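Novice: Below: sequence and its predicted model.
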Amino acid sequence: MSSSTKQVQSQRTVPAKYKQQQIVANSLANPEQFWLEQAHSLITWFQKPTKALYYKDPSKPHFVDWFPDGKLNMCYNAVDRHVENGYGDQVALIYDSPVTQTKRQYTYSMLLEQVKSFSKVLKRYNVNKGDTVIIYMPMIPETLFAMLSCARIGAIHSVVFGGFAPKELAKRIDDCKPKVILSATCGIERSDKIIEYKSLLDEAIKLSQHKPNNQIIFQREALNITINPSAGDVDWVDAVAKEYSSPDVPIEALSSSDVLYMLYTSGTTGMPKGVVRTVGPHAVALMYAMRTVYGSRPGEAFFASSDLGWAVGHSLTCYGALLNRNKTVVYEGKPVGTPDPGAFFRVLEEYDVKVFFTAPTALMILRREDPNGEYRKRYDVSHVRSFFLAGERCVPEIHRWWIQHTTGHNPREKEMSFDHMDELRCVSTDHWWQTESGAPVTALCVGYATSPSEMPPIRFGSAGFPVAGVDLRIIRVHDDEDDENYGKKQHDIVEADPGEIGSVVIKLPQPPGALSTLWNNDERFYNEYFKRFPGYYATGDTGLIDKDGYVFILSRDDDVINVAAHRLSTSAIEEVATEHPYIAECCVVPRPHDIKGQVPMVFAVLKNQEIGAGSAQISKEITDSVRTRVGAIASLTPENVVFIQKLPKTRSGKVLRKMIRTMVAATLEKRQNPNVITIELPATIEDPTVADDIWRALIIRHTKANL
């Protein structure tokens, strides 16, 4: 077989033991029938689709139109239809802001009035179907009003995480060319920490080539500013008041393939990628996920702790929860410090939340701040049906700790069944999705189980089974693919064996709701996601599928360490290191090595900084454990275990591994000043002082190694 030939082995046959596996098999065998049934039963259409999927150009299977002849409106499905069906008095939105000591609730009727009012403001400032609008705002109800108003009139919103640096915001302004920008005077991270959004926005507009017509600014009590009309500034509240008596704006009937929003994610070239989401398939995918993956029932409270500026905030807090007629919680605060590690649990109890979504990073922070669950014990969470984790792989030790402190059960085996339960409650599972997917790719679907016996066991370290429409495969990685040529060579596409680590891909077509392209860049869309494995979407992740069909997402492709031609996942080493009783959290990155190519470096945070005096012994114990559990080939040595105060993270809680890798390389290249970081810090870093700590630790380590 020549190296240019593209061939994949037939998919492994996994026994369809559980209902989820049976449904997924049906969705892949009969996608047309399966998804058309979902579309008709879950969504209200102005014109019902008669076809599920359509290829404009069969030679380009990465471009697919779902429900091509359907017409609908996302805002109508999320708000209007519930009011029309008699649920106007049900609570739709719960705003809880411990940083401002504010609690407020909106019914579906109240939410509809807010959205209608702001839709009129957008129209007044000449925002129409197909126009782009940047939303640069904090976690307040007005952000959600703005998103829904754009959806109502057919404008394309691009929510940029509030507090992004001006340079990064300017890139997004120039790329999507918004007609208007919606913002607030400030964001509030703590009672004593205010981020002045308006000054950041003004600087971004100065830097950008494109100039928006207007900036509509919501004045917050914590920071009131003087509005400058000559610069295009508009006061949000005044604008709404002026349109009070004007007629309502008609709802725009959108084609299924019309763009709902565009959301930027980081790119390998330094330029952000504008992920494009179309309205029809996204609506169907979200409703299906809310019912089947999360098992959320209409009328229940749903709490996802992600910011509205990230994919989870879009898919779950805003659209998914409202489509499903849930009470969606908009929480302006942190898991700790606002005011204490009991913050999330207080919200769960106070609003009778049935489904909770958060990141494994939040669990790590809670374990560090409240290792014995003392704050957790102050609140009753027994009513929660399910806890879902996503954002990074949930290390088994962290997952077990969370289960212990939410259920009292202390699982120590490799998997945990639910046979001991009389009903499904406090089910805690890891699952996996991406900004690009817009909805879960793998999960243990709580919605399919009507009793504990129907729920598949949790297999620690796994993100569950593929969900409906996802034909997930693991492609074998070739030994000659190192860091420099990774993904550039053309090889036969061969499916990995059960348990074999490889590249995680999805056979086309992608399921409804996945990104349809990148904003104004179809070529980059193909090159980023489909060029390496023609006929497959390359997720950029490394993982495996075990013999029972459980999927393990281990790391990003570039987080694999190549030690003496042996490819090792960083997550395997992290899993072992995190089990040390003194380690709160850690991450592992590769360090260049003259002989072996790369060796691992562990960056660890101690549960108690006072035990730092014994760090040499802890380093040795971690090294010994990795040698025993992962193998001597891992080549971890005590001097490559580095203790730091905190891990660098984005505002959404993801560990900035690439930044640490770049720092490691930079400090090895030449003698560096410990007080001057010579690499560019990522715009998404939450606390830049953490980078200073790591930089100095690396300089000290490198200096000692060369004495």
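Specialist: Here it is on my side, so go on.

Novice: so how far is the first residue of stretch 160-169 from its last?
Specialist: 7 Å (Cα to Cα, to the nearest Å).

Novice: What lies in contact with it?
Specialist: Contact partners of stretch 160-169, identified using Cβ atoms under 8 Å, 6 or more residues apart in numbering, comprise 134-138, 172, 183-184, 187, 195, 197, 200-201, 203-204, 206-207, 264, 272, 307, 309-310, 651-652, 683-684. Where C-beta positions appear, they are placed from N, C-alpha and C, glycine not excepted.

Novice: Below-threshold pLDDT in the stretch 501-650 of the chain: ranges please.
Specialist: 564-567, 610-613 (pLDDT under 70).

Novice: Go again with 80.
Specialist: 556-560, 562, 564-569, 572, 594-597, 608-614, 631 (pLDDT under 80).

Novice: The stretch 201-350 of the chain now?
Specialist: Using pLDDT under 80, the stretch 201-350 of the chain drops low at 266-271.

Novice: residue ranges for the helices of it, please.
Specialist: Secondary structure of the stretch 201-350 of the chain (DSSP state H, counting those that start in this stretch): helices at 236-242, 279-288, 311-312, 321-323, 343-350.

Novice: Distance to A463 and mean neighbour count added to the ones you listed, as a markdown table?
Specialist: A markdown table is the format used below for these (distance: least, Cβ to Cβ, whole Å; neighbours: other Cβ atoms under 10 Å):
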| stretch | distance to A463 | mean neighbour count |
| --- | --- | --- |
| helix 236-242 | 40 | 16 |
| helix 279-288 | 18 | 28 |
| helix 311-312 | 15 | 24 |
| helix 321-323 | 22 | 27 |
| helix 343-350 | 22 | 20 |
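
Novice: Format those helices as a markdown table; extra columns: distance to K179.
Specialist: Formatted as a markdown table, the helices of the stretch 201-350 of the chain follow (distance: least, Cβ to Cβ, whole Å):
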| stretch | distance to K179 |
| --- | --- |
| helix 236-242 | 15 |
| helix 279-288 | 19 |
| helix 311-312 | 24 |
| helix 321-323 | 25 |
| helix 343-350 | 36 |
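
Novice: just so I know, which of these lies nearest Q22?
Specialist: For those, the distance to Q22 is smallest for helix 279-288, at 15.8 Å, taking Cβ to Cβ.

Novice: quick one: contacts of that closest one?
Specialist: 35, 38-39, 42-43, 49, 66-67, 70, 72-74, 77, 151, 254-260, 315-316, 319-320, 323-324, 438-439, 468, 511-514, 516.

Novice: do the same with stretch 88-97
Specialist: Residues outside stretch 88-97 that contact it (Cβ under 8 Å, 6+ apart) are 79, 82, 102-112, 139-141, 144, 188, 299, 301, 322, 325, 327-333, 347, 350-351.

Novice: PyMOL command to pick out the buried ones of those residues?
Specialist: In PyMOL, a selection of the buried entries from those looks like this (16 or more other Cβ atoms under 10 Å):
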select buried, resi 79+82+106+107+108+109+110+111+112+139+140+141+144+188+301+322+325+327+328+329+330+331+332+333+347+351
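
Novice: Take the contacts of stretch 88-97 and keep only those in strands.
Specialist: 102-107, 188, 301, 327-331 (DSSP state E).

Novice: which one of those is nearest M421?
Specialist: Using Cβ to Cβ, A301 comes nearest to M421 of those, at 21.5 Å.

Novice: ok, that closest one touching E349?
Specialist: No: contact between A301 and E349 fails when scored by Cβ atoms under 8 Å: they sit 10.8 Å apart.

Novice: How many neighbouring residues does P674 have?
Specialist: Other residues near P674 number 15, with proximity taken as other Cβ atoms under 10 Å.

Novice: Kindly apply the preceding question to Y550 instead.
Specialist: Y550, neighbours per other Cβ under 10 Å, totals 21.

Novice: got it, and the one 10 residues further on?
Specialist: Summarising burial for V560: neighbours were counted as other Cβ under 10 Å, giving 23.

Novice: My read is that it contacts T570, right?
Specialist: Yes: taking contacts as Cβ under 8 Å, V560 lies within contact range of T570: 7.1 Å.

Novice: returning to what we had before: just send the ones in strands among the contacts of stretch 88-97 back as JSON lines, with distance to K658 too.
Specialist: JSON lines is the format used below for these (distance: Cβ to Cβ, whole Å):
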{"residue": "T102", "distance to K658": "37"}
{"residue": "K103", "distance to K658": "38"}
{"residue": "R104", "distance to K658": "39"}
{"residue": "Q105", "distance to K658": "41"}
{"residue": "Y106", "distance to K658": "40"}
{"residue": "T107", "distance to K658": "44"}
{"residue": "I188", "distance to K658": "29"}
{"residue": "A301", "distance to K658": "36"}
{"residue": "K327", "distance to K658": "38"}
{"residue": "T328", "distance to K658": "32"}
{"residue": "V329", "distance to K658": "32"}
{"residue": "V330", "distance to K658": "30"}
{"residue": "Y331", "distance to K658": "28"}
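
Novice: From the residues you listed, pick the one nearest Y582.
Specialist: Of all the ones in strands among the contacts of stretch 88-97, Y331 has the smallest distance to Y582: 31.5 Å, by Cβ to Cβ.

Novice: Could you measure from the closest one over to F418?
Specialist: Separation of Y331 from F418 (Cβ to Cβ, to the nearest Å) stands at 28 Å.

Novice: next one: Y106
Specialist: Taken as Cβ to Cβ, the span from Y106 to F418 is 36 Å.

Novice: All set now, cheers.
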